[in-house]
Every structure is written in structure tokens, then in C-alpha cells.
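Engineer: Whatever this is, show me its structure:
(chains A and B)
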Amino acid sequence: MEEKLAPIVQRLEQDYGTQASEQSGEVSLVIPSEKIVAACQQVRELGFEQLSTMTAVDYWPHEDPRFHVLYQFTSLSLHLSLRFRVMVPGVNPSLPTVTSVYRNADWRERELWDMFGIKFAGHPDLRRILMPADWEGHPLRKDYPLGYEEPQFTFNFDQISLRKPYAKE
Amino acid sequence: MTDLQEVSVDDLKHLVSERAVKGETMLLNMGPQHPSTHGVLRLLLELDGEIVVNCIPDVGYLHTGVEKNMEAKTYQKAEVMSDRLDYMNPPGNNLAYSMAVEKLVGLDVPPRAQAIRVILAELTRFQSHLVWLGTAALDLAAMSVFLYCFREREYILDIMEMCSGQRMMTTYIRPGGVWRDVPVEFEAAVRQILKTFPRRVDEYEALLTRNPLWLDRTLGIGKISAEDALNLGVTGPLLRASGVKWDLRKDQPYSGYDQYDFVVPTHPEGDVYARYLVRMEEMRQSLRIVEQALNQMPYGPVRSNNYKFVPPPRAEIGVSMEALIHHFKLWTEGFEAPKGAIYSAVESPRGELGVYLESDGSAKPYRVHWRTPSFDNLQSMPLMCKGVLVADLIAIIGSVDIVLGDIDR
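Structural biologist: Presented below is the predicted three-dimensional model:
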């Protein structure tokens, strides 16, 4: 762990009762979901000016808190980066929004709602962002099929044509 | 959830001002098929006469599910999709992806490959800025700049074709190195570019920098402060044009950028003109980096010889049984990456291009997330165009330099 990062991580570990993990020089902390806004506020005050990205991972069906939401922070003044991991259950997944701390969380949270179906309480404009507004399902969930088109050959062209879902008028 | 196209003002209450609900201001669609939106971007504008009161971007028209598709492919095969994200910067995307895979499995890249990567990444940055300059100037009715820019861009695309066989979707930079060594004509072609292009950049500047019409349209337009830019996650030339000196090539050097001498240009004004000046200077600096990398390029292998992760050279397959087995295994089942998660970022022409890669120990990535710079940069646009004229909005869209493939992924 980098010298400048160690005291920051130590303080966060104490405040949120968690243990940091490190891989390839990247430090990651698990934060309780109800404290995420306070934790974001704190890292911002500690010098992490940017929320570089926000994403989620779906561990269905292997792990119980099904989703992990990740917050990747960058500090331009200290040349550091840090990651938060928040566990979210699979039933009615919901998290408080951090748009009040980092404004670019707005679209990132909309993307997570769109792709994973994770709701963000208090978000100013929680609509789908990438998929069409009337889309059903959340594509990046692991139980959402990738989908494919059945290939047709000369000998079975008509047969497959019959059961192919063509666009309707 | 309702479709924006069919809704009334009442459904948009939280996005527009109260005056729109009363019918005092007008709601207008710009795009998705508008020539100045640089792709399929739709802007919902609330207008008070000619003044923009609110601007609500609507993205997603180019969504191709790249992140989902990558989960279903092996590490090598998934890379092909990275070209299609930011189609103005394919080698940069390949570099970001390759670096993420290298970090995950712990691969070393030979110095010659590092130099080739830098040369191609910088030429692409130049090419991307040329397209930006041409189209942004065209939006403000400077037709000739567009023609010059696209003329020069061809020379760079020729070099891409020379190396990889493809003009745009190169997939040339791969985990562990590059696909194969550059051809013999490569050096002469790059030297020719280094000889002629600085003069060409001067020509563009002569057309625009002191042009009163250009100054009228760009000076003081679309301002954003450094503080707002940081809070909105803005990176790249946009952030540097707001006075923040932050360039991943300098601040988190990768791929040997620390060996090269170059300047990170910044301007404190934060307007469209400052962004123009920053990008023009970046073009000159890119050529400087290319020249240094070309002069210092060592001889040697261009791919790691760790055949567990990198396919062995074609010549070896015929004579070595082991190489044949490696080749077969890599292209049928791929390689297994150790369990873990990493985030790795490079400086693309538009800002921080990051890849979050998570592996569950199998041959396919468990989760790939692309942190694309245009996504966050576009988010700052509603702030920039509060209270500007519709005509200035066009200048602002041009100056943000969005690539919709980069946003929608």
C-alpha cells in the first residue's frame, strides 16, 4: 500500500468497522450499505475529488448478497485511487444515492438501475439510460440470457422461419 | 417508466422549469438525427426564444451490449469488441483492455512492443483530434478545415492499415504485446508524417486561432469551472481546459510514457476556445512523443514469451510440438486468469478510459466494465449550456468531443 494511502485507509477501517483488501496495488474496502453516503462524503473531504466510475457485479447464484456495487475514486492532488465495495441483496436491491456528493453519480446510478435493477433512493431522475424506456428486465444480471439468433440454412430455412420472432407491425 | 417521445410536459416536471409546465417556454427535440450532434445523440431542449433554459441529453441509441457480450467470450476474443466502443480511438481501447488483462494475469510486455504501442496510441490521438477539429469547425461553418483534417487523417489510417490490415478496427495491440512486428515501411511512413504534420497544424491554426468569426463563436462560450468539472467526473482535454493539470500519461505513467519528454497543456478559462487551444497543443505534443518513441525504439521481440497467455509465433508452431499445443489450447479454450478484480486506466483522446475487470478463475471475464470518458464528459453539458443561445449549443457539443459509441457501449 502506498505511504500516503495507509493513514486514510486506516481511518476508514476504524470508522466503518471493515478490513481493507489489496490486489495489484489496488486497495478496496467493504462499506455497509447504509453508511455509503457518509463514507463518500468523508473520502471526498480526504482529497478524492473524483468518482471515476461506479459499477456493479452480479454474483447470482453463488453468493448471498447478490450484488456488489463498486465505487472507484481518484485523488488528483494525492495521486491515489481507492475502491469501495457495497453489498446489496437480490430482493428489492436498493442503495442511497450519492449524487449529493459526486454529481456524476447521477448517470452512473441510472445505468446501474437500467442494467442491474438496483434502485437508488433519493435519486433525482431514476429513468433507464441506455435501454429503451419500455424494456423489460435488466440485461447485465447473470440470469438474463445473452440471446442469439438461430442460423438458417437452405434445408431448414422455412422450418426455422416459422418459429422465428420477427418484428410485428 | 414512460417513453420520452410520447410523454407530456407533466411527466418531465422534475427535469424542466416551472415555466415549461405553464407553457411559457418551448420544448424542442434536437436529434437523434441532427448533423451537429456527432452521432445519434438526442437533446431535449427547453427554450425561451433563442435561449436554452434546460438541456436534457438522451443517450443509448448506439447501445450494443458490449459489456454483456464480453462476459461470454474468452479474454482474447473479447478484445475485438473493444475497438467498437470509441471508434475514433481503437488502438487506445485495445491498449486499455490489454493493460487490464496484463495486470490481472501478471504479464510483462517487451520494450519494443511498449514503444510501438505508444506510437500507435499517439498517432490515433492525433487522428481523433483531427476528426474533432474538422467536425467541430464544420458545425461552426468553417468548411475548409474539415477537408484539410480528413486529408491528413488518411495518412494515419494508412499506417494503421499497414500494421494491422485494418484502417479503423485494428485489434493490433493485444495482451502481452502487439499482434506482430511493424512492417519495414512503417518507419519511413511515420517519419514522413513527423516531417509534414507540424506544418499542417500551423495551417489549421492560421485558419482559426486568430479568425474573428471563430473567436466570436468560441470565446467565453460554455464555461465550466475546475471545481464543477472535477465534481462531474470530467477528464481529458475538457478538464485541462478548465485549468486542472491532470493527464494519466504524466500522472500515472504507463507503457513507458515516463521516458518521453512532453508538456501537458492547460488553460484556465474553461470555455470552448480554451478546449480548442488545449487540443491543438496536444496534437503537437503527440508528434513529439511519436518522434522520441520512434528514435528510441529498441529491437527485440514484440510479444511476451509466456505461451500460457500469449500465442506462440507462427514459425514455431511447425517445428515445436509444445508450441502447437499452446496455440491449440489458447484458441479453443483460452487461458484461465487468476481470481480477482482490477481497474486499469489510460488517457484516451477524450479523457480517462478505464477498464474494470473481474475474474472468477475461468477463461472468460466474469465482469468487464468500461469507464468511458465521453459518458462523464457529456454529463457536464447541461451545466455548460444553461442560458446560452441555440447556436452556441452547437459550439459546445462540438467542443465536448463526444463519441456516441463510447457513451452507449
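
Engineer: Would you map the strands across chain A?
Structural biologist: In chain A, strands defined by DSSP state E lie at A:21-23, A:26-30, A:50-58, A:67-75, A:80-88, A:94-96, A:119-121, listed in chain order.

Engineer: Quick one: closest of those to residue B:308.
Structural biologist: When the strands of chain A are compared by Cβ to Cβ, strand A:21-23 sits nearest residue B:308, at 19.9 Å. Every residue, glycine included, has its C-beta placed from N, CA and C.

Engineer: any chance of the strands of chain A in TSV, plus mean pLDDT, distance to residue B:368 and mean neighbour count?
Structural biologist: Listed next are those as TSV, based on pLDDT from 0 to 100; distance: least, Cβ to Cβ, whole Å; neighbours: other Cβ atoms under 10 Å in any protein chain shown:
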stretch	mean pLDDT	distance to residue B:368	mean neighbour count
strand A:21-23	85	17	13
strand A:26-30	90	16	18
strand A:50-58	92	10	24
strand A:67-75	92	13	23
strand A:80-88	91	16	20
strand A:94-96	91	22	17
strand A:119-121	90	23	16
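
Engineer: want to throw those strands into JSON lines with distance to residue B:99?
Structural biologist: What follows is the strands of chain A, written out as JSON lines (distance: least, Cβ to Cβ, whole Å):
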{"stretch": "strand A:21-23", "distance to residue B:99": "15"}
{"stretch": "strand A:26-30", "distance to residue B:99": "13"}
{"stretch": "strand A:50-58", "distance to residue B:99": "16"}
{"stretch": "strand A:67-75", "distance to residue B:99": "16"}
{"stretch": "strand A:80-88", "distance to residue B:99": "15"}
{"stretch": "strand A:94-96", "distance to residue B:99": "30"}
{"stretch": "strand A:119-121", "distance to residue B:99": "31"}
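
Engineer: mind checking which of these is nearest residue B:32?
Structural biologist: In terms of Cβ to Cβ, the element of the strands of chain A nearest to residue B:32 is strand A:50-58, at 25.4 Å.

Engineer: contacting residues for the closest residue to residue A:121 other than its chain neighbours?
Structural biologist: Spatial nearest neighbour of residue A:121, chain neighbours left out: residue A:96 (5.2 Å); criterion: Cβ to Cβ, 6 or more residues apart in numbering or on different chains. Listed by Cβ atoms under 8 Å, 6 or more residues apart in numbering or on different chains, the contact partners of residue A:96 are A:33, A:34, A:36, A:37, A:120, A:121, A:122.

Engineer: count of residues packed around the fourth one?
Structural biologist: Neighbour count of residue A:37, defined by other Cβ atoms under 10 Å in any protein chain shown: 16.

Engineer: Likewise for the last one?
Structural biologist: Neighbour count for residue A:122, taken as other Cβ under 10 Å: 12.

Engineer: How about the second one?
Structural biologist: When neighbours are defined as other Cβ under 10 Å, residue A:34 has 10 of them.

Engineer: What distance do you get for it to chain B?
Structural biologist: Here the distance between residue A:34 and chain B works out to 24 Å (Cβ to the nearest Cβ, to the nearest Å).

Engineer: ok, now which ones touch residue A:59?
Structural biologist: The contact partners of residue A:59, by Cβ under 8 Å, 6+ apart, come to A:65, A:66, A:67, A:68, A:142.

Engineer: Next one, pLDDT for the closest residue to chain A within the stretch 101-250 of chain B please.
Structural biologist: With Cβ to the nearest Cβ, the shortest gap between the stretch 101-250 of chain B and chain A falls at residue B:233, namely 3.4 Å. Reading off the per-residue confidence, residue B:233 sits at a pLDDT of 89.

Engineer: now do the one 10 residues further on
Structural biologist: Looking at residue B:243, its pLDDT stands at 90.

Engineer: Counting neighbours, what do you get for residue B:314?
Structural biologist: One way to gauge burial is a neighbour count; for residue B:314, by other Cβ under 10 Å, it gives 10.

Engineer: Also residue A:65?
Structural biologist: Considering only other Cβ under 10 Å, residue A:65 is surrounded by 13 other residues.
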